[in-house]
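Asker: Would you be able to build a 3D model of this:
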Amino acid sequence: MKFKIRDEKIVGYALLIAGLCIIGFSILAAIGAISGDIPIRIVKVEETDTHQAEFNASSDEATFDMSQILRPMYPLFNLMAWLAIMFFLLFAGGRIARLGIRMMKVPIPDVKMVKPSKEEKKEV
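Answerer: Below you'll find the predicted structure:
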């Protein structure tokens with residue numbers, strides 16, 4: 001089934017609007033994440049009561065819990081992961097909008113330029 005030019009333009013406008021909405025959402029979500037308005041929890045941090053290293057008397061070694069060491073980096077990792085997702089959405093919205101713009105363009109029929117003959121030049 002072949003689309004008519006009018007149908008292609010309608011679909012093109014719909015894709016353009018959808019792409020712009022996705023771009024707008026990703027920009028607003030990124031700004032909200034940076035300003036702290038949107039809570040981001042991609043990596044969940046479990047709260048524990050032990051904040052010090054445990055000392056093992058039999059082996060004379062201190063054992064550390066890696067989650068205690070990495071705990072300050074979780075908010076930064078969450079923010080970076082969220083911004084990466086929003087960048088992907090921004091890119092996808094741009095591609096959708098570009099597809100909509102391509103569909104809105106009306107194909108121009110081919111026009112051949114014909115050089116006038118010598119006789120036609122004499123008449124002019």
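Asker: three-state assignment of Pro39?
Answerer: coil (DSSP: H, G, I helix; E, B strand; the rest coil).
Asker: So which residues of the chain form strands?
Answerer: Ranges of strands within the chain are 54-56, 61-63, based on DSSP state E.
Asker: Check those strands for me: which has the lowest mean pLDDT.
Answerer: Ranked by mean pLDDT, those end with strand 54-56 in last place, scoring a mean of 51.
Asker: Go ahead and confirm Leu89 touches Cys21.
Answerer: No. Using C-beta atoms under 8 Å, Leu89 makes no contact with Cys21, being 10.6 Å away. C-beta here means a position set from N, CA and C on the backbone, and glycine is covered the same way.
Asker: More neighbours: the two, which one.
Answerer: Applying other C-beta atoms under 10 Å to Leu89 and Cys21 shows that Leu89 carries more neighbours, namely 17 against 13.
Asker: Not counting residues beside it along the chain, what's closest to that one?
Answerer: Ser26 (4.0 Å; C-beta to C-beta, 6 or more residues apart in numbering).
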